[in-house]
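In: I need the structure of the sequence given here:
(2 chains)
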2 protein chains.
Amino acid sequence: MIIDCHGHYTTSPRQHETWRAEQIAADNEGRAAPPRPAITDDEIRATIVNGQLKVQQERGTDLTIFSPRAAGMGHHLGDASTSEAWATACNELIHRVCTLFPRNFIGVCMLPQSARVSPRNCVAELERCVQQYGFVGCNLNPDPSGGFWQDPPLGDKYWYPLYEKMVELDVPAMIHVSQACNPAFHTTGSHYLNGDTAAFMQCLTSDLFKNFPTLKFIIPHGGGAVPYHWGRFRGIAQDMKLPPLTEHLLRNVFFDTCVYHLPGQELLAKVIPIENILFASEMIGAVRGIDPETGHHYDDTKRYIEQLPISAADKAKVYEGNARQVYRRLSAQIAKQFG
Amino acid sequence: MIIDCHGHYTTSPRQHETWRAEQIAADNEGRAAPPRPAITDDEIRATIVNGQLKVQQERGTDLTIFSPRAAGMGHHLGDASTSEAWATACNELIHRVCTLFPRNFIGVCMLPQSARVSPRNCVAELERCVQQYGFVGCNLNPDPSGGFWQDPPLGDKYWYPLYEKMVELDVPAMIHVSQACNPAFHTTGSHYLNGDTAAFMQCLTSDLFKNFPTLKFIIPHGGGAVPYHWGRFRGIAQDMKLPPLTEHLLRNVFFDTCVYHLPGQELLAKVIPIENILFASEMIGAVRGIDPETGHHYDDTKRYIEQLPISAADKAKVYEGNARQVYRRLSAQIAKQFG
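Out: Alright, predicted model coming up:
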């Protein structure tokens, strides 16, 4: 089985995004948000059949771990109640996709975060999504301010209430920022990658995984700048008298394969232990074109993995085995959804 | 000749750094800064002979393009007058090093930047350093706020007065942030790399090099996350209907080789045209230890370059030729300093 651990519902029905715009406009004007729009199963089916399902079939992948659109999380907009209503709507939609296409999508939730609001308020939504919807993880935004970085680093006790619930439910988080509202950053070009690198370094300089030995993070987009600078990170940790990164972080931190050219994938597989790499494409995401150098979509990452000089057993780990290890509830949920 | 284009005076005499602390303390208390300390030539010689010169000789490099300590620039501290006095002191010290060791060091200046203060106020110091000191470039901080990213992106007209002077003087800038005062970032672990990636993307999304076709930027630390994600950046540019990156940016943007392991260097040389890569180590900098996997210093980047599968002619470009092209005043300054 080929499991893509990083997919967002970037093709969600138009009225869903329209309602979001209305919700934010209402919030800005001090009005109550309008009621949420009706979305039929057929409308959802159309967005998937012509979107992610089509791409799955074209590329020969089986199952996508699916979550709300990352740039759309917009935790910098509105306040805690705005985020709560939006997260509820987005997660419900993911649940409906997973119910309609149980053999193709398994859910991960977004969290109702807001800048400088304790992540304690995310616990109930996480629990609801895992318990009621069968979701297997969450996306955690390390910068709900959208590029101004106003929340404490991920090692801070500020985040512990959420981590306690994650550990209790045995679900990992993908560390994923949302849209940049700071003009210094381009959302998918620099903010995403910088969020990944910052998050890794926040973990490196903290006692987080001593305190939560079973907590697991996936750093997306191939780990930002981290594998390319693996020597730098090993050296910085060594200068700080920390244990080797394999011990200090790699029992808890994993990287996905959203790297959109072969040389990058080769580097990732060369420097990061194979057990720490999870197949992912973020299809219909940040980069949608066809690479003229290959004639294939930049984000068709399976083509790169196929070319890596690694064994079939290692490929199986990247495609399936590691995801089943990191998303501890995944195998049971697959059994349930596949019926 | 082997030219290291990225070295900072991280070993500067103690009284220089002590004065900086006093200057900031005085500023915080509304007092005038004390007079600058006396530093003898012998004191400077000692810091270099036992520091950068020793490392040059041990590693077999010839010439370092040398600038004030990057983390020490501290543009987020004090105000414009504080930055002006500090930049003057730091640049003067670099000039003294270059005068004492004319065959080993050629200067690059820091700029008296402050967050949200027009870089127009950096023009005089740049001109002074180039004209009076024979410096061949400057370090430009894209985030003088120290991790809160409050200034406009590098493509904004805000920066044009500085670019106009750079073009007039025919000197490039290394885009280099300083210390992070935002707890979300580790200065050398994430802020530096994120600054590199953000700067590259700011260039990508702007008309900067259409307006300044001879302006040149060096993105240090191997270009942050950029070469590892070269497919992503090519794809994003393509989705934006921009020309190929080789045309759009690579006549103006160059990467250094401050990447502290062989796989990273291999990737850099594989994806970035050889003409755009400048040898650098940032020795006695961010990573000071010895890599147990190689038995050599992480930042002894010459050892990695030696192992690359590139021709001797290409190595000569990386070591010397490209630096002479990008730092347009370098060859004349070498002739002058070498006597």
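In: burial of the residue of the stretch 1-150 of chain A found nearest chain B, as a residue count?
Out: Using CB to the nearest CB, the single residue of the stretch 1-150 of chain A nearest to chain B is residue A:149, 4.0 Å away. C-beta here means a position set from N, CA and C on the backbone, and glycine is covered the same way. Residue A:149 is flanked by 25 other residues according to other CB atoms under 10 Å in any protein chain shown.
In: ok, it - contacts?
Out: By CB atoms under 8 Å, 6 or more residues apart in numbering or on different chains, residue A:149 lies in contact with A:143, A:198, B:147, B:148, B:149, B:182, B:184, B:185.
In: same check, this time on residue A:7
Out: Neighbours of residue A:7 in contact, by CB under 8 Å, 6+ apart: A:52, A:64, A:65, A:66, A:67, A:105, A:280, A:281, A:282, A:283, A:285.
In: Which of these fall within helices?
Out: residue A:52 (DSSP state H).
In: Among the contacts of residue A:7, which one sits closest to residue B:240?
Out: residue A:285 (15.1 Å; CB to CB).
In: Let me see the contact set for the closest one.
Out: Per CB under 8 Å, 6+ apart, neighbours of residue A:285: A:7, A:8, A:10, A:188, A:258, A:299.
In: can you redo these as a markdown table with pLDDT and distance to residue A:127?
Out: Conversion of the contacts of residue A:285 to a markdown table gives the following (pLDDT from 0 to 100; distance: CB to CB, whole Å):
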| residue | pLDDT | distance to residue A:127 |
| --- | --- | --- |
| A:7 | 98 | 23 |
| A:8 | 98 | 22 |
| A:10 | 98 | 26 |
| A:188 | 98 | 30 |
| A:258 | 98 | 28 |
| A:299 | 98 | 32 |
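In: picking that back up, any chance of the contacts of residue A:149 in TSV, plus pLDDT?
Out: As requested, the contacts of residue A:149 are exported to TSV (pLDDT from 0 to 100):
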residue	pLDDT
A:143	98
A:198	98
B:147	98
B:148	96
B:149	97
B:182	98
B:184	98
B:185	98
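In: Mark which of those are part of helices, please.
Out: Per DSSP H, those map to helices at residue A:198.
In: If you rank the contacts of residue A:149 by neighbours, which is first?
Out: Result: residue A:198 is most packed of the contacts of residue A:149 (other CB under 10 Å), 30 neighbours.
In: And the pLDDT for residue A:127?
Out: Residue A:127 carries a pLDDT value of 98.
In: in the helix or strand hosting it, what counts as buried?
Out: Taking DSSP states H and E as the definition, one finds residue A:127 inside helix A:123-133. If you call a residue buried by 16 or more other CB atoms under 10 Å in any protein chain shown, then helix A:123-133 has these buried ones: A:123, A:125, A:126, A:128, A:129, A:130, A:133.
In: got a list of contacts for it?
Out: A:84, A:87-88, A:91, A:94-95, A:98, A:107, A:109, A:111-112, A:135-136, A:138, A:161-162, A:165-166, A:169, A:171, A:329.
In: Might one say that residue A:102 is in contact with residue A:335?
Out: No: checked against CB atoms under 8 Å, the pair residue A:102 and residue A:335 is beyond contact range at 11.1 Å.
In: Which residues are in contact with the closest residue to residue A:216 other than its chain neighbours?
Out: For residue A:216, the nearest residue in space outside its immediate sequence neighbours is residue A:172; the separation is 3.8 Å by CB to CB, 6 or more residues apart in numbering or on different chains. The contact partners of residue A:172, taken as CB under 8 Å, 6+ apart, are A:137, A:166, A:215, A:216, A:217, A:218, A:254, A:326, A:327, A:328.
In: out of those, which are inside helices?
Out: Counting by DSSP H, those contribute A:166, A:326 to helices.
In: Could you dump the contacts of residue A:172 into JSON lines and include distance to residue A:177, pLDDT and neighbour count?
Out: Conversion of the contacts of residue A:172 to JSON lines gives the following (distance: CB to CB, whole Å; pLDDT from 0 to 100; neighbours: other CB atoms under 10 Å in any protein chain shown):
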{"residue": "A:137", "distance to residue A:177": "16", "pLDDT": "98", "neighbour count": "29"}
{"residue": "A:166", "distance to residue A:177": "18", "pLDDT": "98", "neighbour count": "25"}
{"residue": "A:215", "distance to residue A:177": "19", "pLDDT": "98", "neighbour count": "20"}
{"residue": "A:216", "distance to residue A:177": "19", "pLDDT": "98", "neighbour count": "22"}
{"residue": "A:217", "distance to residue A:177": "13", "pLDDT": "99", "neighbour count": "25"}
{"residue": "A:218", "distance to residue A:177": "14", "pLDDT": "98", "neighbour count": "28"}
{"residue": "A:254", "distance to residue A:177": "17", "pLDDT": "99", "neighbour count": "26"}
{"residue": "A:326", "distance to residue A:177": "20", "pLDDT": "98", "neighbour count": "23"}
{"residue": "A:327", "distance to residue A:177": "21", "pLDDT": "98", "neighbour count": "26"}
{"residue": "A:328", "distance to residue A:177": "24", "pLDDT": "98", "neighbour count": "16"}
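In: element containing residue A:18?
Out: Per DSSP H and E: helix A:14-28 holds residue A:18.
In: neighbouring contacts of whatever helix or strand comes next after that helix?
Out: Counting by DSSP H and E, the element after helix A:14-28 in chain order, helix or strand, is helix A:41-49. Residues outside helix A:41-49 that contact it (CB under 8 Å, 6+ apart) are A:9, A:11, A:12, A:13, A:93, A:96, A:97, A:100, A:101, A:104, A:105.
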